[in-house]
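Visitor: starting from these lines, generate the structure:
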Amino acid sequence: MLSEVNNIEGDWNIIDYSQHPECIGCQLEITRDEINPDIFHVQVRIINTIKCDFRYIADIDLWEHSTVVSTKMAGPLEKLNQERVISSFIDSIENLEVQGGVQLIARTVDGDLILLEHPREENQIISSQ
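Guide: Numbering: from 1, shown residues only. Reported below is the predicted structural model:
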(Lines give C-alpha, C1' and ligand atoms only; values in the text may rest on other atoms or scores of the structure.)
Protein backbone atom coordinates (compact mmCIF):
# COMPACT_ATOMS: atom_id res chain seq x y z
CA MET A 1 0.00 0.00 0.00
CA LEU A 2 2.90 2.39 0.64
CA SER A 3 3.70 2.72 -3.07
CA GLU A 4 0.05 3.60 -3.74
CA VAL A 5 0.18 6.28 -1.04
CA ASN A 6 3.27 7.75 -2.68
CA ASN A 7 1.33 8.04 -5.98
CA ILE A 8 -1.70 9.79 -4.50
CA GLU A 9 -0.53 13.37 -4.98
CA GLY A 10 -1.84 15.42 -7.87
CA ASP A 11 -5.06 16.52 -9.49
CA TRP A 12 -7.84 13.94 -9.75
CA ASN A 13 -11.06 14.30 -11.77
CA ILE A 14 -14.18 12.40 -10.74
CA ILE A 15 -15.06 10.17 -13.71
CA ASP A 16 -17.59 7.84 -12.09
CA TYR A 17 -19.85 8.59 -9.14
CA SER A 18 -23.04 6.71 -9.94
CA GLN A 19 -24.94 8.06 -6.93
CA HIS A 20 -24.20 11.66 -7.97
CA PRO A 21 -23.47 12.04 -11.70
CA GLU A 22 -23.67 15.84 -11.31
CA CYS A 23 -20.24 15.62 -9.64
CA ILE A 24 -18.50 14.00 -12.61
CA GLY A 25 -15.74 16.34 -13.74
CA CYS A 26 -15.14 17.89 -10.31
CA GLN A 27 -11.45 18.01 -9.52
CA LEU A 28 -9.75 17.12 -6.24
CA GLU A 29 -6.24 18.35 -5.59
CA ILE A 30 -4.19 16.18 -3.24
CA THR A 31 -0.88 17.41 -1.86
CA ARG A 32 1.47 15.88 0.69
CA ASP A 33 2.20 17.87 3.84
CA GLU A 34 5.67 19.43 3.81
CA ILE A 35 6.39 18.46 7.43
CA ASN A 36 4.53 15.17 8.00
CA PRO A 37 4.71 12.80 4.99
CA ASP A 38 1.76 10.75 6.32
CA ILE A 39 -0.63 13.71 5.96
CA PHE A 40 -2.28 14.69 2.69
CA HIS A 41 -4.30 17.85 2.02
CA VAL A 42 -7.40 17.40 -0.15
CA GLN A 43 -8.92 20.50 -1.74
CA VAL A 44 -11.83 21.05 -4.12
CA ARG A 45 -12.87 24.38 -5.66
CA ILE A 46 -16.33 24.79 -7.13
CA ILE A 47 -17.61 28.17 -5.90
CA ASN A 48 -16.14 27.75 -2.45
CA THR A 49 -12.96 25.97 -1.43
CA ILE A 50 -13.54 22.71 0.42
CA LYS A 51 -10.60 21.31 2.38
CA CYS A 52 -9.80 18.27 4.49
CA ASP A 53 -6.62 16.64 5.75
CA PHE A 54 -6.11 12.89 5.53
CA ARG A 55 -3.54 10.86 7.44
CA TYR A 56 -2.41 7.43 6.34
CA ILE A 57 -1.48 5.06 9.17
CA ALA A 58 0.70 2.47 7.46
CA ASP A 59 0.97 0.08 10.43
CA ILE A 60 -2.74 -0.70 10.26
CA ASP A 61 -3.44 0.35 6.62
CA LEU A 62 -5.98 2.97 7.69
CA TRP A 63 -6.94 6.45 6.50
CA GLU A 64 -8.33 8.97 8.97
CA HIS A 65 -9.33 12.55 8.26
CA SER A 66 -9.97 15.89 9.87
CA THR A 67 -13.20 17.82 9.75
CA VAL A 68 -14.14 19.08 6.29
CA VAL A 69 -14.05 22.88 6.14
CA SER A 70 -15.29 25.27 3.47
CA THR A 71 -15.44 28.93 2.63
CA LYS A 72 -19.00 30.32 2.62
CA MET A 73 -19.62 32.28 -0.57
CA ALA A 74 -23.01 32.37 -2.29
CA GLY A 75 -23.59 31.14 -5.81
CA PRO A 76 -25.98 29.27 -8.10
CA LEU A 77 -28.05 26.66 -6.26
CA GLU A 78 -26.87 23.89 -8.62
CA LYS A 79 -23.20 24.55 -7.76
CA LEU A 80 -23.93 24.88 -4.03
CA ASN A 81 -25.73 21.51 -4.10
CA GLN A 82 -22.70 20.04 -5.91
CA GLU A 83 -20.48 21.40 -3.13
CA ARG A 84 -22.74 19.84 -0.49
CA VAL A 85 -22.44 16.43 -2.17
CA ILE A 86 -18.65 16.72 -2.58
CA SER A 87 -18.23 17.84 1.03
CA SER A 88 -20.29 14.88 2.24
CA PHE A 89 -18.32 12.53 -0.05
CA ILE A 90 -14.98 13.75 1.31
CA ASP A 91 -16.24 13.49 4.89
CA SER A 92 -17.28 9.86 4.33
CA ILE A 93 -14.09 8.58 2.63
CA GLU A 94 -12.88 5.40 4.32
CA ASN A 95 -10.18 4.29 1.89
CA LEU A 96 -8.14 5.72 -0.98
CA GLU A 97 -6.40 3.39 -3.41
CA VAL A 98 -4.34 4.26 -6.48
CA GLN A 99 -4.47 1.75 -9.33
CA GLY A 100 -1.96 1.78 -12.16
CA GLY A 101 -0.74 5.22 -11.16
CA VAL A 102 -3.57 6.90 -13.07
CA GLN A 103 -6.78 5.92 -11.28
CA LEU A 104 -7.86 6.64 -7.73
CA ILE A 105 -10.66 4.70 -6.10
CA ALA A 106 -12.30 6.32 -3.10
CA ARG A 107 -14.50 4.08 -0.96
CA THR A 108 -16.92 5.67 1.50
CA VAL A 109 -18.14 4.33 4.83
CA ASP A 110 -21.45 3.54 3.06
CA GLY A 111 -19.65 1.34 0.53
CA ASP A 112 -19.97 3.79 -2.37
CA LEU A 113 -17.09 3.69 -4.86
CA ILE A 114 -16.00 6.86 -6.63
CA LEU A 115 -13.54 6.58 -9.50
CA LEU A 116 -11.14 9.43 -10.25
CA GLU A 117 -8.30 9.81 -12.71
CA HIS A 118 -5.57 12.31 -13.46
CA PRO A 119 -6.49 14.90 -16.09
CA ARG A 120 -5.60 13.73 -19.62
CA GLU A 121 -2.33 15.70 -19.96
CA GLU A 122 -1.14 14.45 -16.56
CA ASN A 123 -2.16 10.89 -17.54
CA GLN A 124 0.11 11.02 -20.56
CA ILE A 125 3.05 12.27 -18.51
CA ILE A 126 2.60 9.56 -15.85
CA SER A 127 2.10 6.79 -18.42
CA SER A 128 5.32 7.70 -20.23
CA GLN A 129 7.45 7.61 -17.06
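Visitor: do a quick rundown of the strands in this protein.
Guide: 10-16, 27-32, 39-45, 49-57, 62-65, 69-70, 93-99, 103-108, 113-117 (DSSP state E).
Visitor: distance to S87 and mean neighbour count added to those, as TSV?
Guide: Heads up, the C-betas are built off the backbone N, CA and C, glycines and all. TSV is the format used below for these (distance: least, Cβ to Cβ, whole Å; neighbours: other Cβ atoms under 10 Å):
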stretch	distance to S87	mean neighbour count
strand 10-16	14	18
strand 27-32	12	16
strand 39-45	8	18
strand 49-57	5	17
strand 62-65	12	14
strand 69-70	6	15
strand 93-99	11	17
strand 103-108	13	18
strand 113-117	13	19
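Visitor: I8 is in contact with I30, correct?
Guide: Yes. Because the distance of 5.6 Å satisfies Cβ atoms under 8 Å, I30 is recorded as touching I8.
Visitor: out of everything not next to it in sequence, what's closest to I47?
Guide: G75 (3.7 Å; Cβ to Cβ, 6 or more residues apart in numbering).
Visitor: surely that neighbour meets Q82?
Guide: No. When contacts are counted by Cβ under 8 Å, G75 is not listed as touching Q82 (9.8 Å).
Visitor: more crowded one of the two?
Guide: Q82 (20 against 12; other Cβ atoms under 10 Å).
Visitor: can you pull the contacts of the residue nearest to K72 when sequence neighbours are not counted?
Guide: Ranked by Cβ to Cβ, 6+ apart and with sequence neighbours excluded, the top spatial neighbour of K72 is N48, at 6.6 Å. Shown in contact with N48 (Cβ atoms under 8 Å, 6 or more residues apart in numbering): S70, T71, K72, M73, G75, E83.
Visitor: for the residue nearest to the spatial centre of the chain, which non-adjacent residue is closest in space?
Guide: With distances taken as Cα atoms, centre = their mean, the residue of the chain nearest its centroid is L28 (4.8 Å). Nearest non-adjacent residue to L28, counting by Cβ to Cβ, 6+ apart: W12, 4.7 Å away.
Visitor: for that neighbour, give me its contacts.
Guide: Q27, L28, E29, I30, L104, L116, E117, H118.
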